[in-house]
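>>> sequence and predicted structure are below.
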Amino acid sequence: MKNHWMIYGANGYTGRLLATEAQRQGLRPILAGRNPAAVHALGSALGLECRIFDIEQPQRTAEALADVAVVMHCAGPFAVTSAPMIDACLASATHYLDITGEIGVFEAAHARHDLARECGVVVCPGVGFDVIPSDCLAACLHQALPDATHLALGFDTGSGLSPGTAKTSVQGLGLGGKVRRAGVITDVPLGYKRRTINFGRGEKTAVTIPWGDVSTAYHSTGIGNIEVYLPTPPAAAFAMRLLDPLRPLFGLSAVQGGLMRLIERRVQGPDQATRQRQHTWLWGEVRNAEGVVKVARLETANGYDVTVHGGLLAVQHLLNYRGPGGYFTPSRLLGERCVEQLPGSGRILIS
């Protein structure tokens, strides 16, 4: 039986955090990626095995996963990298995890459910801050109001951006907003809806964003109308609507390339002291056709710390897993209150 596990993209910001915390806990992941110097340097520092391969080479990737039970995939952008890694995991009977927050990645992974089930492979993207805490809120709210027809989620954080997160955000600029209406993911303008929300530390103006829960919360709850909100100053919300007609420009390769180079020069990701200072507050709301409303709130550690500990929780769960394969959301795989097990997280409170 396979008992090894791997972090692919271990030399990236979040991959390094995961590898370092895993080693601190006495775990022995295989560190992998396509940059020999960076991966081996990290492996040498942590005393961990390294493997170098490019997921664009299917046979080499499947060979590298032959003795691996679980892959924690951390090499974005996941819109590009998730499909070949999932293909390799299905070919090698390796469970797949990642830390994406991209709606398209979640939907593509869900489309592989039947094949993954046939292969006995778990495919569970989004086992970091995207989307463990909000998925847990969605699942708990659905339990509190089973006939809910509308779900809204949101979070207030000062977690900062890693280079990978910043690049993913830039790539999504041209895609605009997303909500779910009557079960269908629907394109909407940037800053489509605005409302005042108390996420847990006072009321703030917030606007809709194309967050991963537009996909995952539907698969966790079956609720057909879903929106996700982020605090945004009124002036910035107004600017988003003004800029919406210019979205196609952000998809141009020259614009994308320039923004990516700027990120590489300027963005490094928050240090440990910053992460310890910056907590996150999450909010959720459901209502049914009769107008009954339930509200949930949760405070967690910094988003990157949630990602590290959530990812490790998912890895350890799958190393001992004996259930069926298929596509899972975090709450369906790990339980609707799994976020409460993570360091720095409180309890989900519903009123």
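Structure received. Note that the structure is predicted; figures quoted are calculated from it, not measured. Residues are numbered from 1 along each chain as shown.

>>> got a pLDDT number for residue 247?
We have a pLDDT of 59 for residue 247.

>>> again with residue 234
Looking at residue 234, the pLDDT reads 70.

>>> any idea how far the closest residue to residue 332 other than its chain neighbours is from residue 143?
Distances taken as CB to CB, 6 or more residues apart in numbering put residue 220 closest to residue 332, at 6.0 Å, once the chain neighbours are dropped. All C-beta spots, glycine's among them, are computed from the backbone N, C-alpha and C. Computed as CB to CB, to the nearest Å, the residue 220 to residue 143 distance reads 11 Å.

>>> what about these two, which has more around it?
For residue 220 versus residue 143, neighbours defined as other CB atoms under 10 Å are more numerous around residue 220 (23 against 14).

>>> tell me the pLDDT at that one?
According to the model, residue 220 scores 98 on pLDDT.

>>> just how off-centre is the helix or strand containing it within its chain?
Secondary structure from DSSP states H and E places residue 220 in helix 213-221. Centre-to-centre, helix 213-221 and its host chain are 12 Å apart (CA atoms, centre = their mean, to the nearest Å).

>>> where along the stretch 1-150 of the chain do the strands fall?
Remark: strands assigned in the stretch 1-150 of the chain by DSSP state E, counting those that start in this stretch are 4-8, 30-33, 50-52, 68-73, 95-98, 122-124, 150-157.

>>> turn those strands into JSON lines, including distance to residue 225, mean neighbour count and mean pLDDT.
Putting these into JSON lines (distance: least, CB to CB, whole Å; neighbours: other CB atoms under 10 Å; pLDDT from 0 to 100) gives the following:
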{"stretch": "strand 4-8", "distance to residue 225": "36", "mean neighbour count": "24", "mean pLDDT": "98"}
{"stretch": "strand 30-33", "distance to residue 225": "40", "mean neighbour count": "26", "mean pLDDT": "98"}
{"stretch": "strand 50-52", "distance to residue 225": "44", "mean neighbour count": "17", "mean pLDDT": "98"}
{"stretch": "strand 68-73", "distance to residue 225": "31", "mean neighbour count": "25", "mean pLDDT": "98"}
{"stretch": "strand 95-98", "distance to residue 225": "27", "mean neighbour count": "28", "mean pLDDT": "98"}
{"stretch": "strand 122-124", "distance to residue 225": "24", "mean neighbour count": "24", "mean pLDDT": "98"}
{"stretch": "strand 150-157", "distance to residue 225": "4", "mean neighbour count": "23", "mean pLDDT": "94"}
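
>>> list the buried residues for stretch 285-302?
Of the residues in stretch 285-302, 285, 286, 287, 294, 295, 296, 297, 298, 299, 300, 301, 302 count as buried by neighbour count, 16 or more other CB atoms under 10 Å.

>>> isn't the last one up against residue 279?
Yes. In this structure, residue 302 sits in contact with residue 279. The criterion is CB atoms under 8 Å, and the distance is 6.5 Å.

>>> okay, now the unreliable bits of the protein?
158-175, 235-271, 273-275 (pLDDT under 70).

>>> from residue 225, how far off is the nearest residue to residue 121 once chain neighbours are set aside?
Nearest non-adjacent residue to residue 121, counting by CB to CB, 6+ apart: residue 325, 4.5 Å away. Counting by CB to CB, the gap from residue 325 to residue 225 is 30 Å.

>>> next: residue 90.
From residue 90 to residue 225 the distance is 33 Å (CB to CB).

>>> center of the protein, which residue is that?
Centroid check for the chain by CA atoms, centre = their mean gives residue 130 as the closest residue, at 2.7 Å.

>>> quick one, what contacts that residue?
99, 100, 101, 211, 212, 307 (CB atoms under 8 Å, 6 or more residues apart in numbering).

>>> list phi and psi for it.
Backbone geometry at residue 130, expressed as degrees, to the nearest 10, gives phi -90, psi 110.

>>> how far away is it from residue 152?
According to CB to CB, residue 130 stands 17 Å off from residue 152.

>>> can you check residue 188 too?
In terms of CB to CB, residue 188 sits 14 Å off from residue 152.

>>> report the secondary structure state of the nearest residue to residue 233 once chain neighbours are set aside.
The shortest distance from residue 233 to any non-neighbouring residue, by CB to CB, 6+ apart, is to residue 205 (6.7 Å). Judged by DSSP: H, G, I helix; E, B strand; the rest coil, the three-state class of residue 205 is strand.

>>> who does residue 205 bridge with?
residue 196 (DSSP bridges).

>>> that one reaches residue 234, doesn't it?
Yes. Between residue 205 and residue 234 a contact is recorded at 5.3 Å, counting by CB under 8 Å.

>>> between these two, which contacts overlap?
residue 194.

>>> who wins for proximity to residue 351 among the strands of the stretch 1-150 of the chain?
strand 150-157 (14.9 Å; CB to CB).

>>> now whichever helix or strand residue 316 is part of and strand 4-8, what's the angle there?
Here residue 316 sits within helix 303-319, counting by DSSP H and E. Angle between the axes of helix 303-319 and strand 4-8 is 150 degrees (criterion: axes from the mean of the first three to the mean of the last three CA atoms, to 10 degrees).
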